[in-house]
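**Student:** Next comes the sequence, and after it the predicted model I'd like to discuss.
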Amino acid sequence: MRNQVQLITYVDRLTGGNLQDLISLLEGPLRGLFGGCHLLPFYDPIDGADAGFDPVDHTRVDARLGDWEDVYRMSRNTKVMADLIVNHVSAQSPAFRDYLRAGAQSRFAGMFLTMDRVFPAGATERDLLAIYRPRPGLPFTTISRKDGQKELFWTTFTANQMDIDVSHPSGKAYLDAILDQFRQGGVSMIRLDAVGYAIKKPGTSCFMIPETFDFIAALTRQANAMGMEVLVEIHSYYRKQIEIAAKVDYVYDFALPPLVLHALFNHTGRYLKAWMDVRPNNAITVLDTHDGIGVIDIGPDGSDKNQAGLVPDEDIDRLVEQIHVNSGGGSRLATGAAASNLDLYQVNCTYYDALGQEDSDYLLARAIQFFTPGIPQVYYTGFLAEPNDLELLSQTGVGRDINRHYFAQGEAEQALSVPVVQRLMDLIRIRNLCPAFEGTFSMKQIRDEQWEMHWAHPDADATLKIDFRMLTWSIEVDGHLTFMGKES
């Protein structure tokens, strides 16, 4: 993976078109700006119950976007990352429909998890309450087979997303087929989506248990042998993230987005600095993704409240409330019980609106992201400094759609002329082109709430100077001022 800023995007939502349109954008107006592109689900179909994360056919490109030849064509100039949706498949998939038709005679019998498969001796109340789930209720959906037999299928996310038994031969064959298609299609990095829920075991939380770590390690070795790197997507207690990082190629730094907001809201880098001292460096740094702004990642251990988080609970509550205030209440409409398909641990809001559309503060947040060790990714609405899409939220009632705007054809190109977007592109070029970021990172506190984030290399050095009290900041490259936020 190139040590350059990467783009995260849906194909159709950024371009208003297909893969060819995205290639034209990346090789035209955005030529040389991004070192790689994370293509959010482009499988058949892209418009299911969960915006493509419930594929009917994970090995097929949605024909409305193009085909695998288009993905391969993109990969020749841009490193491509794709999602391996490990935990589940659509209830409309051929495999699940065949099982409902043929039952035990189906060649896919055993691929889908039922409650009985995990709890053959039955489950106690204690067993069921121990299961960790990111959404309300128990993770089961009652579905009838063609012969009239009802079964309780395991559905971690929605009733349309059927959990897979990844340890069963048919489950393994399913994942193998996807990996092989990725390799042929030119994908060089895979993101393991929802992998923390992949292993279920009686008497446990069924989330990030020791067997899950073993499964991730084995899947990583398999992908590496096929020439692909692995990024693990887990929202969890920060110490678990550190543990996971030691066993995989890359993890997300999901603690960074709320910690940067806390620093800017409260004019103190105290908690951000504490995280910088312990965080793993084999990280993909983000401020925004297709999901919301996670708060579980800085909170206490969900399974042991005595294990404190990076930020006190009362500070997290104030952080969430400040996002709601800054967004004019838009994020409140999209978060928690206010919206369907909710996640309990995320605030749904664009990062630009979370910062009250303050350009200098927004660019400072990006500068902190780019100077933090790791490889930065920028989500498409964040790249174009988009406000919340309240109209789309109103149409769908899905909270995360507030940050999943559909750009019409040509609209993204027009947005490139907006001043804050122009300045963000300048920041991206500094991060991509300055040799300092191939060197050694250090950080020091000059005086109370004044920081310097420094990168040193034999050929260059770069420093981000921040005064959190005044929210003033600047960037120097080789001792020369190259970028400034608010004036001191």
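**Tutor:** Structure's in. What do you need?
**Student:** ok, now which ones touch residue 244?
**Tutor:** The contact partners of residue 244, taken as Cβ atoms under 8 Å, 6 or more residues apart in numbering, are 208, 213, 216, 232, 234, 251. (Glycine included, C-beta is placed from N, CA and C.)
**Student:** same question, residue 114
**Tutor:** 151-154.
**Student:** Equivalent analysis for residue 45, please.
**Tutor:** Counting by Cβ under 8 Å, 6+ apart, residue 45 touches 52, 55-56, 62.
**Student:** from those residues, which single one is nearest residue 398?
**Tutor:** residue 52 (12.9 Å; Cβ to Cβ).
**Student:** For residue 378, see how far away that closest one is.
**Tutor:** Here the criterion is Cβ to Cβ, to the nearest Å. By it, residue 52 lies 20 Å from residue 378.
**Student:** Give me the more crowded residue out of those two.
**Tutor:** A direct count of neighbours by other Cβ atoms under 10 Å for residue 52 and residue 378 places residue 378 higher, at 28 against 23.
**Student:** Name the residues that touch the helix or strand in which that one is found?
**Tutor:** Under the criterion DSSP states H and E, the helix or strand holding residue 378 is strand 375-379. The contact list for strand 375-379 (Cβ under 8 Å, 6+ apart) reads 1-9, 38, 250, 283-290, 351, 366, 369-370, 403, 424, 428, 431.
**Student:** That strand pairs with which strands, and in what direction?
**Tutor:** Sheet pairing of strand 375-379 (DSSP bridges) gives strand 6-9 (parallel), strand 283-285 (parallel).
**Student:** Who are the packing partners of the helix or strand following the shortest one?
**Tutor:** Looking back up the chat, that one is strand 283-285. Sequence-wise, the next helix or strand downstream of strand 283-285 (DSSP H and E) is strand 293-294. Applying 3 or more Cβ pairs under 8 Å, 6 or more residues apart in numbering; DSSP states H and E, one finds that strand 293-294 contacts helix 256-266, strand 346-347.
**Student:** Show me how far whichever helix or strand comes after strand 293-294 is from its chain's centre.
**Tutor:** Next in sequence after strand 293-294, counting helices and strands by DSSP H and E, comes helix 313-326. Here helix 313-326 shows a centroid-to-chain-centroid distance of 21 Å under the convention Cα atoms, centre = their mean, to the nearest Å.
**Student:** so what does the next helix or strand after helix 313-326 touch, helix or strand wise?
**Tutor:** Using DSSP H and E, the helix or strand that directly follows helix 313-326 along the chain is helix 330-334. Under the contact definition 3+ Cβ pairs under 8 Å, 6+ apart, helix 330-334 sits against helix 313-326, helix 351-354, helix 390-396.
**Student:** Mind doing that once more with 7 Å?
**Tutor:** Under the contact criterion of 3 or more Cβ pairs under 7 Å, 6 or more residues apart in numbering; DSSP states H and E, helix 330-334 touches helix 313-326, helix 390-396.
**Student:** and the first one, what other elements does it pack with?
**Tutor:** Read it as helix 313-326. With contacts taken as 3+ Cβ pairs under 7 Å, 6+ apart, helix 313-326 sits against helix 256-266, helix 330-334, helix 351-354.
**Student:** Just tell me which of those ends up closest to residue 92.
**Tutor:** So among the helices and strands packed on helix 313-326, helix 330-334 is nearest, using Cβ to Cβ, at 26.8 Å.
**Student:** buried ones in that closest one?
**Tutor:** Buried positions in helix 330-334, judged by neighbour count with 16 or more other Cβ atoms under 10 Å: 330-334.
**Student:** Considering those residues, which is situated nearest to residue 132?
**Tutor:** Looking at these and their distance to residue 132, the nearest is residue 334, at 23.3 Å (Cβ to Cβ).
**Student:** thought that closest one was touching residue 394?
**Tutor:** No. Shown here, residue 334 and residue 394 do not form a contact pair, counting by Cβ atoms under 7 Å, at 10.2 Å.
**Student:** which regions of the stretch 151-300 of the chain lie under the pLDDT threshold?
**Tutor:** For the stretch 151-300 of the chain, no stretch is flagged by pLDDT under 70.
**Student:** at 90 what do you get?
**Tutor:** 158, 208, 234-237, 240-241, 243-248, 292, 294-296, 300 (pLDDT under 90).
**Student:** so where do the strands sit in it?
**Tutor:** With DSSP state E, counting those that start in this stretch as the criterion, the stretch 151-300 of the chain has strands at 161-163, 189-193, 229-232, 250-253, 283-285, 293-294.
**Student:** Comparing those strands, which comes out most buried?
**Tutor:** Among the strands of the stretch 151-300 of the chain, ranked by average contacts under mean count of other Cβ atoms under 10 Å, first place goes to strand 161-163 (a mean of 27).
**Student:** got a list of contacts for that strand?
**Tutor:** Residues from elsewhere that reach strand 161-163 (Cβ atoms under 7 Å, 6 or more residues apart in numbering): 50, 54, 87-91, 96, 112-113, 153-156.
**Student:** Among these, which ones are in strands?
**Tutor:** With strands taken from DSSP state E, the overlap with the contacts of strand 161-163 comprises 88-90, 153-154.
**Student:** can you name the two of the residues you listed that are farthest apart?
**Tutor:** 90 and 154 (14.5 Å).
**Student:** List the buried residues of stretch 207-226.
**Tutor:** Neighbour count says stretch 207-226 has 207-209, 212-213, 215-216, 219-220, 223 buried, by 16+ other Cβ under 10 Å.
**Student:** Sort out which one of these lies nearest residue 189 for me.
**Tutor:** Checking those against residue 189 by Cβ to Cβ gives residue 223 as the nearest, at 8.8 Å.
**Student:** who touches that closest one in this structure?
**Tutor:** 179, 190, 230.
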